[in-house]
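Novice: Generate a structure from the sequence data that follows.
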Amino acid sequence: MNPPTIAVIEDETPIRRFLRASLSAEGYRVLEAEDAAGGLRTITGQRPDLVLLDLALPDRDGLDIIRTVREWSAVPIIVLSARGEENSKITSLNAGADDYLTKPFGVGELLARVRVALRHAARINSSSEPEETAFRFGDVRVDLASRIVTRDGEEVKLTKLEFDLLATLVRNAGKVLTHRFLLEKVWGPQAVDEPHYVRVFMASLRKKLEENASRPRYLLTEQGVGYRLKSD
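Specialist: Okay, the predicted model is just below:
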């Protein structure tokens, strides 16, 4: 299994280095951002398993990030802040944070909090209603559980975002999905004004999965609306 991915959104370089070293030593994959804008791009584009978030960012308060992310994602968020006041903790937790650590903190406590948050998220995900994990169209088989796609029995390598886009179409096979819906589901609400994202990734999926990418049989365009996956 791939190691959990943790996004660190922190403007102080020494703290980012400390967090990267501590988390990497435990086998976690670490993504970094030094401001709110970069943090939101990281969360929407990379879909980490957990977020470590500083509240005092140079371009936007961390509370705004929590509220924005909670509009579309349940990813665990642990706040790392020098604000030790009870009111700050209450406000962060009410906004949707899962935990709150006051700076300075020890690496042992940080790692323990991370493990707890990841275990809790895993329990929630495992208790969700099971979905049909395998789907076929043409000579393509999509296994949602293992994230493996094959065409005529041969595995097709997809990027994370390509697979997320395909999985969204699979889960809604036969339905017309608008550009906005796909952008929110795959890239997050920050990308709703970037319809070219969907066009570029759909073109890539067609090249990899359709017999003739210029005349697709399954990954269909609904002109002026969005896209639809036609099932057999």
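Novice: Now Glu210. Nearest residue, chain neighbours left out?
Specialist: Counting by CB to CB, 6 or more residues apart in numbering, the nearest residue to Glu210 once its immediate chain neighbours are dropped is Pro216, at 4.6 Å. For every residue, glycine as well, the C-beta is placed using N, CA and C.
Novice: Distance of the spatially closest residue to Phe18 that is not a sequence neighbour relative to Ala36?
Specialist: For Phe18, the nearest residue in space outside its immediate sequence neighbours is Val107; the separation is 7.9 Å by CB to CB, 6+ apart. Taking CB to CB, to the nearest Å as the criterion, Val107 is separated from Ala36 by 25 Å.
Novice: neighbour-wise, which of the two wins?
Specialist: Ala36 (21 against 14; other CB atoms under 10 Å).
Novice: For the more buried one, list the residues it contacts.
Specialist: Contact analysis of Ala36 by CB atoms under 8 Å, 6 or more residues apart in numbering lists 9, 57, 59-62, 64-65.
Novice: With secondary structure, distance to Asn212 and pLDDT added, can I get the residues you listed in TSV?
Specialist: As requested, those are exported to TSV (DSSP: H, G, I helix; E, B strand; the rest coil; distance: CB to CB, whole Å; pLDDT from 0 to 100):
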residue	secondary structure	distance to Asn212	pLDDT
Ile9	strand	43	97
Leu57	coil	47	94
Asp59	coil	46	93
Arg60	coil	46	92
Asp61	strand	50	91
Gly62	helix	48	91
Asp64	helix	46	91
Ile65	helix	43	92
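Novice: now the residues you listed: which count as buried?
Specialist: When burial is judged by neighbour count using 16 or more other CB atoms under 10 Å, the buried members of those are 9, 57, 62, 65.
Novice: isn't the first one right next to Ala37, touching?
Specialist: Translated: Ile9. No - no contact is recorded between Ile9 and Ala37 when judged using CB atoms under 8 Å, the distance being 10.1 Å.
Novice: Fine by me, thanks again.
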